[in-house]
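Trainee: Output the structure for:
(chains A and B, ligands or ions: 2)
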Amino acid sequence: MADTAVRRPAGAAPALRIAPRTLRVLLGFCVLVAWEVLPRSGAIPTLFLPSLSDTLAALADGAPEYGRHLLFTLRAIAVSMAVACGLGIGAGLLIGSVARLRRIVQPLASGLYAVPLVILYPLFTAWFGIGPQSKIVFASLYGLLPCLLGTIAGVQTIDRQYLLVARSLRATRRQTVLRVLLPAAIPTVLTSLRIGGALVIVGVVVAEMLTSAEGIGYLITRSRTLLDSPRVFAGILLVVAMVFAFDGLVRLLDHRTRHWRLSTRSGDGGA
Amino acid sequence: MAGKATPLPEAPSPGAGAPGPSLRALPSRNGSIRVTGLEHTYAAAGRVTKALEDIRLDIAPGRFVVIVGPSGCGKSSLLMMLAGLVAPTAGRIVCGGRALTAPDPDLVGVVFQEASLYPWLTAQENVEFPLSLRRVPRAERTQRARDKLALVGLAGFEDRYPHELSGGMKQRVSIARGLVQNPPVLLLDEPFAALDEQTRISMGDELLRIWEQTGKTVVFVTHSLTEAAYLADQIVVMSARPGRIVDRVEVDLPRPRTYAMMGTPRFAELRQRIWEQIRSQADG
Ligand SMILES: Nc1ncnc2c1ncn2[C@@H]1O[C@H](COP(=O)(O)OP(=O)(O)O)[C@@H](O)[C@H]1O
Ligand SMILES: [Mg+2]
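Mentor: Ligands and ions are numbered 1, 2, ... in the order given. You can find the predicted model right below:
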């Protein structure tokens, strides 16, 4: 269709300038090459940085073990993510739309957000044991705050005209929240989801590194005490992969909601 | 304040022969609007602004009434009250024979100043939105929204998102949304203010065509004298601080209105009269 032809003018652009996408891939490739070459040539001791191939070999070698621990970590992340984002966004919508509630909760939540919650982790292990519960509670709380704060802020910045239209149509409170506030807040919510979700992953892995007998974080700590660098980096590689996968997911969501962003006034000039 | 029993002087509008209270209990609600002793005072941050004072309107069903006045004279406030979105400080609004105290989309459709479409919905979905709030079955919803989009000349644009439409098209969608529940009254608050001159004139023509086709009562707010004279059956001229009605002008230009009429002496006279009312109030 003509429409699709108009939307992809880049294909017809002169090939002289390198597309950002190509540059990105190239940069990633350079990092990987450096990772392989620097330790191998002896420029960096392999104890500090094992080569990429050694790391991958360690990963392949311990595949069943890594798989088991990865699953464990992923499960904790999934539960924490659901709690943090579900609760954070849900409560954020409610709190953001009730002015009195907002004035009470917002300063408290942003104050709490500034506290490095990891100092509370020993408490959590005392309360919930060293099993998955304490990790989940910790990571949920860690990710909840940015989701909550972001959603509250998102609701605040919603064009009041949207609400006026809903009111003129006699939308119920429930309809207003679900069909106007929620979609209108989506761009901000996604931003906070990105931060909150990343913090959930951090929270789970850090908790595993501190006190746990399972999970990728635990594997990293254990391998480090054994000075088994390739296995440490194999664990790190898995964490990075998880973060990238999560980011890709959010990006996908972001793309599916591009219409909102395109028509907000501030985003009008965007690509 | 204005006592209920105080007989109000008759409105100078000839077309506004409002039926007595006994005739009001008609099964299908008509688009008559009667406003008496309306006042509004905003109290914000310790400051009290008297936005409207002693507003009286008597609009017969099917009329095209334009409210014109300088910015800040309370036009939007008045329209918000006619839409049931703002409660008046004093006075009474009777619409379709019943006191209006809350928004009633079956009676009054509203088109807002800025394009107030939901950017996450397509044109079609935006027009369907009022119906879906009322749980109208999907098939009926689709059909009715399609019909309204066709009425405003947007057949074929159903799947476009607001950011893919021009300013004029967005306001067409807003009009379609305002009409989709088939209310007898349509309120518009400076709907074409953000459009360029040419689009604005052709949108005026479109609105007149829609009005003639549907027989709605239209209350149209603008600060443009030309737009007022071009569109209206009756022009209500307002003045600021506090906002009040200073003149009511019957527009006797024949219909259908044409662009050429803007050059006629009668048109100039009308504009002149409105302008003088506004100016004398501003000076005094
Ligand atoms: N929400 C509000 N709070 C306080 N003052 C208001 C509010 N809305 C409007 N006003 C004041 O009331 C007057 C009329 O405003 P408005 O109805 O928007 O006028 P118009 O639409 O004719 O420009 C203005 O002086 C404006 O400052
Ligand atoms: Mg206004």
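
Trainee: where does the chain have its least confident helix or strand?
Mentor: Since you didn't name a chain, this refers to chain A. Least confident element among the helices and strands of chain A, by mean pLDDT, DSSP states H and E: helix A:2-7 (a mean of 45).

Trainee: And the contacts of the next helix or strand after that helix?
Mentor: Per DSSP states H and E, the first helix or strand lying C-terminal to helix A:2-7 is helix A:20-41. Applying CB atoms under 8 Å, 6 or more residues apart in numbering or on different chains, the set of residues contacting helix A:20-41 from outside is A:18, A:43-46, A:49-54. Placement of C-beta: from N, CA and C, glycine included.

Trainee: Recalculate using a threshold of 7 Å.
Mentor: Residues outside helix A:20-41 that contact it (CB atoms under 7 Å, 6 or more residues apart in numbering or on different chains): A:44, A:46, A:49-53.

Trainee: Residue B:40: helix or strand, and which one exactly?
Mentor: strand B:33-44.

Trainee: low pLDDT regions in the stretch 51-200 of chain B?
Mentor: For the stretch 51-200 of chain B, the stretches with pLDDT under 70 are B:115.

Trainee: Up against ligand 1, what does it have?
Mentor: Counting by CB under 6 Å from any ligand atom, the stretch 51-200 of chain B comes close to ligand 1 at B:51, B:69, B:71-77.

Trainee: mind running it again at 8 Å?
Mentor: Applying CB under 8 Å from any ligand atom, we find that the stretch 51-200 of chain B lies next to ligand 1 at B:51-52, B:69-80, B:189-190.

Trainee: Would you mind listing what in the stretch 101-250 of chain A touches chain B?
Mentor: With CB under 7 Å from any CB of the partner chain as the criterion, the stretch 101-250 of chain A comes near chain B at residues A:161-162, A:164-165, A:167-171, A:175, A:183.

Trainee: again, only this time at 6 Å
Mentor: Applying CB under 6 Å from any CB of the partner chain, we find that the stretch 101-250 of chain A lies next to chain B at A:161, A:165, A:168-171, A:175, A:183.

Trainee: Among those, name the ones in strands.
Mentor: Among these, no member is found in strands (DSSP state E).

Trainee: For PyMOL, what selects the buried ones among the contacts of helix A:20-41?
Mentor: Buried residues among the contacts of helix A:20-41 (16 or more other CB atoms under 10 Å in any protein chain shown), as a PyMOL selection:
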select buried, chain A and resi 44+49+50+51+52
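
Trainee: Now do the helices in the stretch 1-150 of chain B.
Mentor: Remark: helices assigned in the stretch 1-150 of chain B by DSSP state H, counting those that start in this stretch are B:75-82, B:123-133, B:138-151.

Trainee: Convert the C-alpha atoms of the first one to PDB, please.
Mentor: Extracted in PDB, the C-alpha atoms of helix B:75-82 (Å, rounded to 0.1, in the frame of the first residue of the first chain):
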ATOM      1  CA  LYS B  75     -18.500  31.900  27.200                       C
ATOM      2  CA  SER B  76     -16.800  28.600  28.100                       C
ATOM      3  CA  SER B  77     -18.200  28.800  31.600                       C
ATOM      4  CA  LEU B  78     -21.700  29.300  30.200                       C
ATOM      5  CA  LEU B  79     -21.300  26.300  27.900                       C
ATOM      6  CA  MET B  80     -19.900  24.100  30.600                       C
ATOM      7  CA  MET B  81     -23.000  24.900  32.600                       C
ATOM      8  CA  LEU B  82     -25.300  24.100  29.700                       C
END
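
Trainee: Can you list the neighbours in contact with it?
Mentor: B:40, B:51-52, B:67, B:69, B:86, B:88, B:187, B:189, B:221 (CB atoms under 6 Å, 6 or more residues apart in numbering or on different chains).

Trainee: In this structure residue B:65 contacts residue B:220, no?
Mentor: No. Residue B:65 lies out of contact with residue B:220 (CB atoms under 6 Å); the separation is 7.1 Å.

Trainee: hang on, the earlier thing: nearest to residue A:148 among the helices of the stretch 1-150 of chain B would be which one?
Mentor: Evaluated with CB to CB, the helices of the stretch 1-150 of chain B place helix B:123-133 nearest to residue A:148, the distance being 28.1 Å.

Trainee: Chain A contacts on chain B?
Mentor: Residues of chain B lying close to chain A (CB under 6 Å from any CB) are B:83, B:85, B:103, B:105, B:110, B:116, B:119-120, B:130, B:133, B:161-163.

Trainee: And the average pLDDT for the helix or strand encompassing residue B:269 is what?
Mentor: Using DSSP H and E, residue B:269 maps to helix B:265-283. The pLDDT scores in helix B:265-283 average 86.

Trainee: who does that helix touch, helix- and strand-wise?
Mentor: Here helix B:265-283 touches helix B:225-231, strand B:234-239, strand B:244-250, going by 3 or more CB pairs under 6 Å, 6 or more residues apart in numbering or on different chains; DSSP states H and E.

Trainee: quick one: the longest helix along chain A to chain centroid distance?
Mentor: In chain A, assigned by DSSP state H, the helix with the most residues is helix A:63-97. From the chain centre to the centre of helix A:63-97 is a distance of 10 Å (CA atoms, centre = their mean, to the nearest Å).

Trainee: what's the average pLDDT for the helix or strand just after it?
Mentor: For helix A:63-97, the succeeding helix or strand toward the C-terminus, using DSSP H and E, is helix A:99-114. Averaged across helix A:99-114, pLDDT comes to 90.

Trainee: contacts for the helix or strand following helix A:99-114?
Mentor: Per DSSP H and E, the first helix or strand lying C-terminal to helix A:99-114 is helix A:121-128. Residues outside helix A:121-128 that contact it (CB under 6 Å, 6+ apart) are A:134, A:137-138, A:210-211.

Trainee: What about those residues, which are in helices?
Mentor: Those of those lying in helices (DSSP H): A:134, A:137-138, A:210.

Trainee: would you turn these into JSON lines with pLDDT and neighbour count?
Mentor: JSON lines is the format used below for the ones in helices among the contacts of helix A:121-128 (pLDDT from 0 to 100; neighbours: other CB atoms under 10 Å in any protein chain shown):
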{"residue": "A:134", "pLDDT": "89", "neighbour count": "22"}
{"residue": "A:137", "pLDDT": "91", "neighbour count": "20"}
{"residue": "A:138", "pLDDT": "91", "neighbour count": "26"}
{"residue": "A:210", "pLDDT": "87", "neighbour count": "19"}
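
Trainee: Among those residues, which pair sits farthest apart?
Mentor: A:137 and A:210 (13.6 Å).

Trainee: got the contact list for the residue lying farthest from the centre of chain A?
Mentor: Note on chain A: the largest C-alpha distance from the chain mean falls to residue A:168, namely 37.9 Å (CA atoms, centre = their mean). Residues in contact with residue A:168 (CB under 6 Å, 6+ apart) are B:83, B:85, B:103, B:110.

Trainee: okay, and for chain A, where does confidence drop off?
Mentor: In chain A, residues with pLDDT under 70: A:1-16, A:261-271.
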